[in-house]
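Trainee: Structure here, sequence nowhere to be found:
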């Protein structure tokens, strides 16, 4: 069995999900290539050691450059905050590594373009961790679209709503709240949540031509997590909504916020085609809604498909029909697909080019919110 | 236009729903026969006068025998408490009247049999007001069963849950709480709620062969509505559940209670056939759930059918697709079907014979609860 | 009892719903004032006669001016296509009539303003038929907002989706498809569907400051209903979406289409406040979703409120708890509220001023779609 | 770290779920005791070797007696078909092993009693794998009941519906279809599905006093999996339903089948108390429905609780709020609870005594179906 040595950078929430995926992938999706949890890198010595022990990594470090410099590392997996993605990824690619990178790919399109360029120069496989493509119900949606079951697409609507920042006493910045810090995160919900929605939209409905957007910061000042006495302006977007026109003529509506009281992980999309409609909600991730106009009119209605049968994407590798899988499985699927690509000698998406495409839409959205004008999205 | 003079006996909740139906039927379901709200009869002079004025009745009386004696009355509609159904209905039939009667048909099978006999002797049309047959979604279910879309039926399960008697301070008896008084109601939930469930089951899945049942009275003593100082034993069944075997080999499970906290009108059934399943819930009466095994397995799931299209039962006579109707419309459909039957010279169901069939099941259920033995259900 | 003579103009779908409301209102919502179905006016002699007979009107005419000229008419109710609202309403007001008018109030803001001016000059009560304010669940939402249960509002999102024009062979114009003809309808989904969504938004969340919008016409040519051989460009908006900023700082997203396969009457809104959220869907009009952050966190979740209890708006006048009402009841409530206003000597909303407010938002939306710029919404 | 050597017997579906649990438990639920995947035992040499390699077991064997004889094995985990549970468990207990055993505990109450006796003699910890107690939503239900939030319980209703044996061409017996063979399985849905429902009921609502039941075998003959030319009578129960009276006075209804077209893993229960109701469906395992009568009546309704917050049972050990877990996690929780018990020196339930209690209800149910009489359930 060929071994694939992983160097993981980042020990936060995403570090955990990726570490788990490497450990589990070949038990459920056997491959000739075996990922090896070689080195994990974090900022704190003790946190990184604990992480390494818990998740079974052979070595730990706090110096990502040394990790990249090691000749025995095959894949660099970047789970750091957004502001370091480009630097690490480009260095890793230049060192000849394959790169797995958390989303959003970069702080902006310029960074993302340089990452794509570095990937092109290196010729190494890359992947961006838009893990929701790997929810079986979402993969089924893609399959239905590709099979032409929807026909011409009229509408695509997506929203990604959460509520965890409503509390005005929640601080910003620091180790666990960097998503509220524009310097580290690049943007607020646009890069964090809408990037997911945009990636799925581009995958399912193709490129967007143009967008018009608005953003809002509801709580304008927050204390710093690392310096609780200090109150600072909040510079991220708390909420963002935009309208889009797709190249195929479809209309798109997108909205994201962290101020939707009661919505925890409400990542939804609905596609209306001339022949059928599809609807998905991450809060009921084991289901896909499907309406088919050609059904006998007497018994026509949205079907709630339990996406847990053996012929559904990814599911024959898990338990038996009727048994749901969970959130972390999307990351296992991601690694499985990445290994498939290596074995087949083919690229698997979303790669850095896809990450760039989403980044350009994000940039256009934020630019439109600033300029109050429609912006080109590519 | 031929006029059909109605004599309505009873001015309570059911009197209101029937009065409303006569007023509205021909606006939405035009017939050559026109029901005329001729005389309404109640126990209290003032209540009856108010009722008559409000619902547009030409005359009022407090003497149901005089109403039946009038030669100008064509239909006697019985909306009184259960203990007077048989006496009134038999008198009306002997006077040559058609009879519409609220459910349950009678206090027991013996009474119901005498009513059926009287109907047979008179040859006059009868109907029992099992109005839930006239919910469009339920009528659609019947159509799907009759078209053979389910194939062999394995299971029928029904429940009718409410919660309005949980409060131990609710009194019993009197004008508005006679449903808690066994002398007036005959039984508790069995005659009140299960009778509906049984009628639908017999209609949709055919006759039952035998049943085993249990009943319970959770609150054993209640004050009298008409004499609040007096505490009396409660003699009705607060809850009833039974197992059944249908003549076609299907298994049935039935349950009813007024102690299901949060369930207001949870009248549900599910039918599992070898080819398809159907599920209905009166709390979402505009919908029918339908699962069809022959669907492409990739997109198979329960369909939520909005039963509001023009090709759905009764719906072309109402508004436009997508517009729900409500509770009272079932009674309008009932009168429409009754008029259809008169015009066609054919009987329309459920008539007294159907009411007797349900009564015999109710009797068997109560007898089984008493004897703790399986009982024949016909 | 004081009689209120109604003159109804228009015998289509809306004419039917209004006629039904006048007939039923006092049975369920007793008033000292009694609406009398005096004269109905339509374009076709026979259709109007049939309508009058079916719905119980004393007289019929095909000349709306003569109807208005009658001194015995108290209320003129306008259920004609949109292009005649202004002319008829202004004439009626100048003749001293009260006016009930179907939505959208007018073809554009200019017309609507003249109607408001005429109403002001006459001092007569007016009402615009935004009937969805009278769905009990929507009225409950209004009550919860007014009680302050949501706190500061962050988000308002609405959509009104239907699918009845997907078929490219559906013709345009004529008697039943005038909603596809821009000359008669003024606009497509904006005036037909979004106007409802906008009216609810203004009522529930207050005025909007500005909007950015897009519209699309998916099927660009259709045959004429009245001349099937002729193919003509379609000039209405098939779909429209817009972003809005409310005066209170909330963000709004709105979308409407007749090309959402499987959506029949999907008129939804969701309001996210700092303390609670509310969600409504007209396809399940008997329910309101409610999430309250102050609930014990262990058992917190969206509540599905069955809006059919006696303490819910309008519901004590109907049947018993747990019994749903339907689409047409919203119009009965509308007339009941109008009569309440007359008896109280107070105005009831939405009146022409409210209709104008919605019209101005519609105009801004269409203008933004044309200019691709944000537009002021008032 | 103290090591706990596991000997797993059985390499089928349940063998996989248990093997997965031992591998993952300490990553998510750190303990001072570490389970070691020491020896796995199966009937086929090659299947067992493949299983061992895939799931990381140190050794493999096909002789369960030799596994039990090893002094280095601490825990024997029994995932074999039902007919070998008693023999293996008793031998393991007599060898001084702790025992984890799949459900149902035994073929009948007599066997189960001997297992309980052996456990008592050995004093070793035991556990029965009623894994659905470990669904977070079910554990939350238990917590709510124990906190007294429901008050007096009136009703408990459960069903466990599947549809995988509708096809009459499905064979019986053999390696993968032994659940259709009465000699191996003991019973059909009663031991397979109802045992789960009964275990939850006893846990949540306390002991049952008596039951009345019916069973049915819909497809009376099937070919043998191991000898496809041979058609043999089917001797298991395809479906089973029963009524129960609990010691606390509550009424219970239970139903299970493998012939409910469209129901894949429809394991549901609903509990109606005087103060609140709870409802659960395994097909939406991340949710619990909760209705609380004391809520403000205006906004009262069933709450859909997303059981994925940090204060919900088991959930703080997984990802972040809003991220669902899946089916296999229940087995990880089971092992975590077992380790907790070892560390605390306390028993954890359900142990063999609980397995016996469920077995006695199963026996009473089957006996009642045979005798058509109510049977004592303890």
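Mentor: Arrived safely, thanks for sending. Everything quoted here is computed from the prediction, not taken from an experiment.

Trainee: going forward, measure contacts and count neighbours with C-alpha atoms only.
Mentor: OK.

Trainee: Enumerate every residue touching the residue of the stretch 1-150 of chain A found nearest chain C.
Mentor: Taking Cα to the nearest Cα as the measure, the stretch 1-150 of chain A has residue A:150 as its residue closest to chain C, at 9.5 Å. Applying Cα atoms under 8 Å, 6 or more residues apart in numbering or on different chains to residue A:150 gives the contacts A:144, A:272-277.

Trainee: So which residues of the stretch 201-350 of chain A form helices?
Mentor: Ranges of helices within the stretch 201-350 of chain A are A:329-344, based on DSSP state H, counting those that start in this stretch.

Trainee: Repeat that for the stretch 1-150 of chain A.
Mentor: With DSSP H, counting those that start in this stretch as the criterion, the stretch 1-150 of chain A has helices at A:13-28, A:45-55, A:64-69, A:85-94, A:109-122, A:136-146.

Trainee: The lengthiest helix in chain A and chain C in contact?
Mentor: Ordering each helix of chain A by length in residues (DSSP state H) puts helix A:352-371 first. No: Helix A:352-371 stays clear of chain C (Cα under 8 Å from any Cα of the partner chain), getting no nearer than 10.5 Å.

Trainee: Next, the buried residues of that helix.
Mentor: For helix A:352-371, the neighbour count (16 or more other Cα atoms under 10 Å in any protein chain shown) marks A:352-369 as buried.

Trainee: give me the residue from chain A nearest chain B.
Mentor: In chain A, the residue that lies nearest chain B is residue A:303 (4.0 Å; Cα to the nearest Cα).

Trainee: before we move on, back to that, the contacts of residue A:150 in strands, which ones?
Mentor: Among the contacts of residue A:150, DSSP state E puts A:272-273, A:276-277 in strands.

Trainee: Which ones, among these, also lie beside chain C?
Mentor: The subset of those within reach of chain C, by Cα under 8 Å from any Cα, is A:272-273, A:276-277.

Trainee: Just the buried ones from those?
Mentor: Buried among these by 16+ other Cα under 10 Å: A:272-273, A:276-277.

Trainee: and of those, the nearest to residue A:28?
Mentor: residue A:277 (32.0 Å; Cα to Cα).

Trainee: Model confidence at the closest one, what's the number?
Mentor: Residue A:277 carries a pLDDT value of 98.

Trainee: Go ahead and confirm it touches residue C:163.
Mentor: No: between residue A:277 and residue C:163 there is no contact under Cα atoms under 8 Å: 10.7 Å.

Trainee: Quick check: the farthest pair among the contacts of residue A:150?
Mentor: Of all pairs drawn from those, the greatest distance, 13.4 Å, lies between A:144 and A:274 (Cα to Cα).

Trainee: Identify the bridge partners of residue A:3.
Mentor: Listed beta-bridge partners, residue A:3: residue A:34 (assigned using DSSP bridges).

Trainee: Could you count how many residues lie near it?
Mentor: Counted with other Cα atoms under 10 Å in any protein chain shown, residues neighbouring residue A:3 total 11.

Trainee: And it, how far from residue D:312?
Mentor: With distances taken as Cα to Cα, to the nearest Å, residue A:3 is found 39 Å from residue D:312.

Trainee: which residues does residue A:372 contact?
Mentor: Residues near residue A:372 by Cα under 8 Å, 6+ apart: A:212-214, C:373-374.

Trainee: Just flag the most distant two among these.
Mentor: Largest separation among the contacts of residue A:372 by Cα to Cα: A:214 and C:373, giving 12.5 Å.

Trainee: who's more crowded, those two?
Mentor: residue A:214 (27 against 19).

Trainee: check contacts around the more buried one.
Mentor: Residue A:214 neighbours (Cα under 8 Å, 6+ apart): A:240-242, A:365-366, A:368-370, A:372, C:243.

Trainee: again, but for residue A:212
Mentor: Residues in contact with residue A:212, defined by Cα under 8 Å, 6+ apart, are A:242-244, A:365, A:368-369, A:372-375, C:212.

Trainee: Apart from its chain neighbours, what residue comes closest to it?
Mentor: Nearest non-adjacent residue to residue A:212, counting by Cα to Cα, 6 or more residues apart in numbering or on different chains: residue A:374, 4.5 Å away.

Trainee: Chain C contacts on chain A?
Mentor: Residues of chain A lying near chain C (Cα under 8 Å from any Cα): A:154-155, A:166, A:212-214, A:216, A:218, A:241-243, A:251, A:253, A:255, A:259-262, A:272-277, A:291-293, A:301-302, A:372-374.

Trainee: where do the strands sit along the stretch 201-350 of chain A?
Mentor: For the stretch 201-350 of chain A, the strands defined by DSSP state E, counting those that start in this stretch occupy A:208-216, A:221-224, A:227-233, A:239-246, A:251-257, A:266-273, A:276-281, A:287-292, A:302-306.

Trainee: name the helices or strands packed onto the third one?
Mentor: Other elements packing on strand A:227-233 under the criterion 3 or more Cα pairs under 8 Å, 6 or more residues apart in numbering or on different chains; DSSP states H and E are strand A:221-224.

Trainee: if we look at the strand it packs on, which residues are touching it?
Mentor: A:168-174, A:229-234.

Trainee: Distance to residue A:128, pLDDT and neighbour count added to the residues you listed, as JSON lines?
Mentor: Below are the contacts of strand A:221-224 laid out as JSON lines (distance: Cα to Cα, whole Å; pLDDT from 0 to 100; neighbours: other Cα atoms under 10 Å in any protein chain shown):
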{"residue": "A:168", "distance to residue A:128": "32", "pLDDT": "95", "neighbour count": "12"}
{"residue": "A:169", "distance to residue A:128": "33", "pLDDT": "95", "neighbour count": "11"}
{"residue": "A:170", "distance to residue A:128": "30", "pLDDT": "96", "neighbour count": "14"}
{"residue": "A:171", "distance to residue A:128": "29", "pLDDT": "96", "neighbour count": "25"}
{"residue": "A:172", "distance to residue A:128": "26", "pLDDT": "96", "neighbour count": "26"}
{"residue": "A:173", "distance to residue A:128": "24", "pLDDT": "92", "neighbour count": "21"}
{"residue": "A:174", "distance to residue A:128": "25", "pLDDT": "89", "neighbour count": "15"}
{"residue": "A:229", "distance to residue A:128": "37", "pLDDT": "94", "neighbour count": "9"}
{"residue": "A:230", "distance to residue A:128": "36", "pLDDT": "96", "neighbour count": "12"}
{"residue": "A:231", "distance to residue A:128": "35", "pLDDT": "96", "neighbour count": "14"}
{"residue": "A:232", "distance to residue A:128": "32", "pLDDT": "96", "neighbour count": "13"}
{"residue": "A:233", "distance to residue A:128": "31", "pLDDT": "97", "neighbour count": "14"}
{"residue": "A:234", "distance to residue A:128": "28", "pLDDT": "97", "neighbour count": "22"}
